[in-house]
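**Q** sequence-free structure coming up:
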């Protein structure tokens, strides 16, 4: 059965590695719904958070093919239930219709959004949440004709009490030391 | 070691020397000229083979790597030089052949400007390399070359491509070389879990109809003796994959033949009767498994494999032994009980008798007028005392050669398996001869594939490599024609070839040869080819529309293997 999976990949920061990783999906005709890359808590180790729809068997294969790449340290896959995750969205809304309406306060308050900037032409509103939440706010704000809307890729953290990456890095360090 | 000041190009050549490189296959051009200039001073230490096309260089390096077990080294220039390597890189990737390819690149300031002979070879080769890297500063050269060798040759071997910009070749550095022994993000092999060995041994000791598959992993890990000891102790019949061929001597009593689409009748048929499959260093390619949903359904599966991504990729494993095949087999040998599985062997013998009557006798000792591929292959094998290195191309002749050529020694079979690259044979045979100068190297090739890389006759002649080329000519793209006959109602769509006079072409390159089309002349013709001191081209005109059987039709189960149309 196909469902949403979150893949997290820890890697060295090498040019071309992003292509190498996305190729694993391309070759298997699997679409990437969202992709976020940034430096992890460990200096020099980069973390990819990739959201895909696929079967359980495919998720297992994708992870093992990603791990096979030389510059990848470790890859995991999780269901949504196993992770806490967020996306951030920004909305640029024209000032005029907001000014004429009396609903903006309710909308912002209800959505738990916040206002980042106000100019004489527009307001920039920010909201974090799941895709449904940021999408719902978009629908609502669109009564004022949203000028720009952007949603980030997903960031996610495991619910698991065991920190599998730390465990993994301990094992890997022991292995590398054994080679000396 | 004290550092010395050298150019990037000199550092590159010195690094290759440190890695024990003795042969390089290549083709110069603008963006790699500094490297070739540095190479000029090393003509005593290293042999450079100037091919006629970069594809010839890379297949040559593959042939060299497959017979020696050492990485094949390739030089090519930027742009078309680099892109011409792609087929060989893809071939080496799928067949786990270690290669280090060095490509020249335009100078760093020109990257991304559509400069003359610029191509994004790093981007292009990502899906077909085990690793690739672009060097833009001279200082990186020793370290990256060391990593390239480490990655190409360890774990599951594969091709690595290093792209070096021209300014990095010219620049100076303080040269020091240190071999790479580890990379933080790369574990070439895991240590074998004794619990998995125990679990595997339990299954082996209980099995009534076990069958072992010999993959190329046996050859790569030098486990030929261990696999022999293992099957001799347990009495387990052993079948081989295309690339596992020659790991086990042909006449070994427990060798039951080839798996797969044109493999032997017994191993295919009985895969679906076996209660245990022990797959060693192989990847359950679709040509081996046929229809996966009906594959080995009665069997438990033990998969001994160094590449974790292969476990459960195609066939669900009951016990996975991750690690080096040689070490795993050594551990297993101590944990398994002696057995002989006599009844089970009798089932193979029954299948062998059927195949022998329906197919083998007709192929090897035909009574019909036209020459068969099988008889030509048989005679070469007999006359070389099963001691030659066999190099084949792709198609009917390949399947026939793999089926009927005999082997005594490992690393004697060089063929393009996974990618099925036509044009592989001629350059690969040249590389194999360079890797095994004291052995007879026989290239068996079809008329289609021969013409894809025929220009390498020039390289063979220039280096006077005594390669024996047996061209099996049916004036057809035979395997495609066979499928058209069997599955496309004999609609022979663009498979007939109007061929040149091959012997005249050979002579044009300075390679002697002759044509044979009569059975009574075949034996003497093959003798003449083998006895000739130097390269020789023998064209054997074979029956136009012969087919290769047995055959597991595409999409059929292995037990539905057919013996005749």
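**A** Yes, it's here. Just so it is clear, the model here is predicted, and its values are computed rather than measured. Numbers count the residues shown, from 1 in each chain, chains lettered A, B, ... in the order given.
**Q** what residues does stretch A:131-147 touch?
**A** Identification of contacts with stretch A:131-147 by Cβ atoms under 8 Å, 6 or more residues apart in numbering or on different chains yields A:87-89, A:91-94, A:97-98, A:101, A:107, A:111, A:113, A:122, A:125, A:127-128, A:149, A:151. The C-beta positions use only the backbone N, C-alpha and C, and glycine is treated the same way.
**Q** Which PyMOL command selects the buried ones in those residues?
**A** To isolate the buried ones among those in PyMOL, judged by 16 or more other Cβ atoms under 10 Å in any protein chain shown, type:
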select buried, chain A and resi 87+89+91+92+93+98+107+111+113+122+125+127+149+151
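**Q** In strands, which of the contacts of stretch A:131-147 appear?
**A** Applying DSSP state E to the contacts of stretch A:131-147, the entries found in strands are A:87-89, A:91-94, A:122, A:125, A:127-128, A:149, A:151.
**Q** got a markdown table for these, with pLDDT and distance to residue B:25 too?
**A** A markdown table is the format used below for the ones in strands among the contacts of stretch A:131-147 (pLDDT from 0 to 100; distance: Cβ to Cβ, whole Å):
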| residue | pLDDT | distance to residue B:25 |
| --- | --- | --- |
| A:87 | 96 | 51 |
| A:88 | 97 | 53 |
| A:89 | 98 | 55 |
| A:91 | 98 | 59 |
| A:92 | 98 | 59 |
| A:93 | 97 | 64 |
| A:94 | 97 | 66 |
| A:122 | 97 | 63 |
| A:125 | 97 | 62 |
| A:127 | 98 | 59 |
| A:128 | 97 | 56 |
| A:149 | 98 | 55 |
| A:151 | 96 | 51 |
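**Q** just the residues you listed now: which is nearest residue B:7?
**A** Ranked by distance to residue B:7 (Cβ to Cβ), the ones in strands among the contacts of stretch A:131-147 are led by residue A:88 at 50.0 Å.
**Q** Who are the contact partners of the closest one?
**A** A:126-128, A:134, A:151-152.
**Q** Any chance of those in JSON lines with distance to residue A:175 as columns?
**A** JSON lines is the format used below for those (distance: Cβ to Cβ, whole Å):
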{"residue": "A:126", "distance to residue A:175": "44"}
{"residue": "A:127", "distance to residue A:175": "44"}
{"residue": "A:128", "distance to residue A:175": "38"}
{"residue": "A:134", "distance to residue A:175": "42"}
{"residue": "A:151", "distance to residue A:175": "40"}
{"residue": "A:152", "distance to residue A:175": "35"}
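**Q** Name the helix or strand for residue B:433, please.
**A** Element membership for residue B:433 (DSSP states H and E) is helix B:425-435.
**Q** what's that helix packed up against?
**A** Applying 3 or more Cβ pairs under 8 Å, 6 or more residues apart in numbering or on different chains; DSSP states H and E, we find helix B:425-435 packed against strand B:23-27, strand B:47-50, helix B:54-68, strand B:389-392, strand B:413-414, strand B:441-446, helix B:447-450, helix B:457-462.
**Q** Around chain A, which positions in chain B sit nearby?
**A** When proximity is defined as Cβ under 8 Å from any Cβ of the partner chain, chain B approaches chain A at B:122-123, B:126-127, B:130-134, B:151, B:181-187, B:307-309, B:311-313.
**Q** Buried ones from these, can you make that a ChimeraX selection?
**A** In ChimeraX syntax, the buried subset of these is picked out as below (16+ other Cβ under 10 Å):
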select /B:122,126,130,131,132,133,134,151,183,185,186,187,307,308,309,311,312,313
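**Q** How much space separates residue A:3 from chain B?
**A** Plainly put, residue A:3 is 20 Å away from chain B if you go by Cβ to the nearest Cβ, to the nearest Å.
**Q** Surely that residue touches residue A:81?
**A** No. Judged on Cβ atoms under 8 Å, residue A:3 makes no contact with residue A:81 at a distance of 10.1 Å.
**Q** List the contacts of residue B:367.
**A** Residue B:367 touches nothing, counting by Cβ under 8 Å, 6+ apart.
**Q** Would you double-check that it falls in a helix?
**A** No. Counting by DSSP: H, G, I helix; E, B strand; the rest coil, residue B:367 falls outside a helix, being coil.
**Q** how much space is there between it and chain A?
**A** Distance, residue B:367 to chain A, by Cβ to the nearest Cβ: 49 Å.
**Q** Ramachandran angles for that residue?
**A** Residue B:367 has phi and psi values of phi -110, psi -10 when expressed as degrees, to the nearest 10.
**Q** repeat for residue A:85
**A** Reported as degrees, to the nearest 10, the phi and psi values for residue A:85 are phi -140, psi 160.
**Q** Was I right to think it contacts residue A:6?
**A** Yes. Using Cβ under 8 Å, residue A:85 makes contact with residue A:6 at a distance of 6.6 Å.
**Q** The two: which is more packed in?
**A** Under the criterion of other Cβ atoms under 10 Å in any protein chain shown, the comparison of residue A:85 against residue A:6 puts residue A:6 first, with 23 against 19.
**Q** Let me see the ranges of the strands in the stretch 1-150 of chain B.
**A** Using DSSP state E, counting those that start in this stretch, the strands of the stretch 1-150 of chain B run over B:4-7, B:23-27, B:47-50, B:72-76, B:99-105, B:131-135.
**Q** need the ones you listed in CSV with distance to residue B:440 and mean pLDDT, can you?
**A** Output for the strands of the stretch 1-150 of chain B, formatted as CSV (distance: least, Cβ to Cβ, whole Å; pLDDT from 0 to 100):
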stretch, distance to residue B:440, mean pLDDT
strand B:4-7, 41, 95
strand B:23-27, 19, 98
strand B:47-50, 20, 98
strand B:72-76, 21, 98
strand B:99-105, 25, 98
strand B:131-135, 35, 98
